[in-house]
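Asker: Provided below for reference: sequence and predicted model.
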Amino acid sequence: MTLRRGSLGAGGPGGAATTPSGSTEIETLIQLLSRLPGLGPRSARRAALHLIKRRDSLMLPLTEALTTAAARIKPCSVCNTLDTVDPCVICSDAGRDAGVLCVVEQVGDLWAIERTGAFKGRYHVLGGTLSALDGIGPDDLSIAPLVARVRKDAVREVILALNATVDGQTTAHYLAERLADTGVAVTRLAHGVPVGGELDYLDDGTLSAALSARRQVG
């Protein structure tokens with residue numbers, strides 16, 4: 001049996017994103033889509049076909065939105081988040097408590113906290129975490145601007161809302177040391193049993209953190 005080009009389930013040897021038509025334009029679209037997080041060659045092909053089928057209702061509006069976003073979105077010079085204005089909307093909000101800074105790794109983490117509606121302070125986006133394996137040091141992150149901001153803006157508290165990973169914990173300890181002589185209170189997010197969580201389904205690390213962070217009832 002002879003297989004036609006693009007008839008392989010994975011899109012060809014090694015899962016290459018090829019199309020039966022051999023269209024360069026379609027293949028380029030698929031290859032670009034496959035670079036997005038969570039999209040492999042197969043998912044990229046399905047997404048490309050979906051866009052092409054809905055050219056007027058989805059593909060063209062998406063193209064316009066991407067062009068506008070590329071031209072207008074930029075990092076905030078104060079907190080390093082992304083917005084179309086500088087300073088960003090959060091930094092410009094007079095109703096926010098400028099004395100409390102929540103430090104996060106990436107902009108996505110900021111968005112996650114904002115969705116809760118529970119935090120009314122301001123943010124600082126590091127742009128990642130320290131990682132010796134990846135060659136990421138203090139100078140590669142927005143750490144010096146954070147320290148300068150704490151000193152300049154009379155910040156009372158810095159909340160280290162970093163991921164509970166080895167690199168996240170290493171970064172948290174480093175930041176605590178860098179901020180030690182500023183007099184600011186440095187706190188961390190509580191780690192432990194999530195709301196609605198059942199002990200039998202939790203990993204050992206989560207249970208250990210919950211035990212260490214236990215507090216008196218009542």
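Answerer: Great, that's in hand.

Asker: from memory residue 168 sits against residue 129, does it?
Answerer: Yes: look at residue 168 against residue 129 with CB atoms under 8 Å: they come within range, at 5.5 Å. In short, each C-beta sits where N, CA and C put it, glycine included.

Asker: neighbour count for those two, which is higher?
Answerer: For residue 168 versus residue 129, the count of surrounding residues by other CB atoms under 10 Å is larger for residue 129: 21 against 17.

Asker: and the more buried one, what is it in contact with?
Answerer: With contacts taken as CB atoms under 8 Å, 6 or more residues apart in numbering, residue 129 has the following neighbours: 105, 136, 141, 162-163, 165, 167-168, 170-171.

Asker: let's have the residues you listed in JSON lines, adding secondary structure, pLDDT and distance to residue 49.
Answerer: Shown next, in JSON lines, are those (DSSP: H, G, I helix; E, B strand; the rest coil; pLDDT from 0 to 100; distance: CB to CB, whole Å):
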{"residue": "105", "secondary structure": "coil", "pLDDT": "97", "distance to residue 49": "35"}
{"residue": "136", "secondary structure": "strand", "pLDDT": "97", "distance to residue 49": "38"}
{"residue": "141", "secondary structure": "coil", "pLDDT": "98", "distance to residue 49": "40"}
{"residue": "162", "secondary structure": "coil", "pLDDT": "92", "distance to residue 49": "39"}
{"residue": "163", "secondary structure": "coil", "pLDDT": "90", "distance to residue 49": "35"}
{"residue": "165", "secondary structure": "coil", "pLDDT": "88", "distance to residue 49": "36"}
{"residue": "167", "secondary structure": "helix", "pLDDT": "94", "distance to residue 49": "38"}
{"residue": "168", "secondary structure": "helix", "pLDDT": "92", "distance to residue 49": "38"}
{"residue": "170", "secondary structure": "helix", "pLDDT": "94", "distance to residue 49": "44"}
{"residue": "171", "secondary structure": "helix", "pLDDT": "96", "distance to residue 49": "41"}
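
Asker: got the residues you listed as JSON lines, with distance to residue 75 columns?
Answerer: Below are the contacts of residue 129 laid out as JSON lines (distance: CB to CB, whole Å):
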{"residue": "105", "distance to residue 75": "15"}
{"residue": "136", "distance to residue 75": "18"}
{"residue": "141", "distance to residue 75": "13"}
{"residue": "162", "distance to residue 75": "19"}
{"residue": "163", "distance to residue 75": "21"}
{"residue": "165", "distance to residue 75": "24"}
{"residue": "167", "distance to residue 75": "22"}
{"residue": "168", "distance to residue 75": "21"}
{"residue": "170", "distance to residue 75": "24"}
{"residue": "171", "distance to residue 75": "19"}
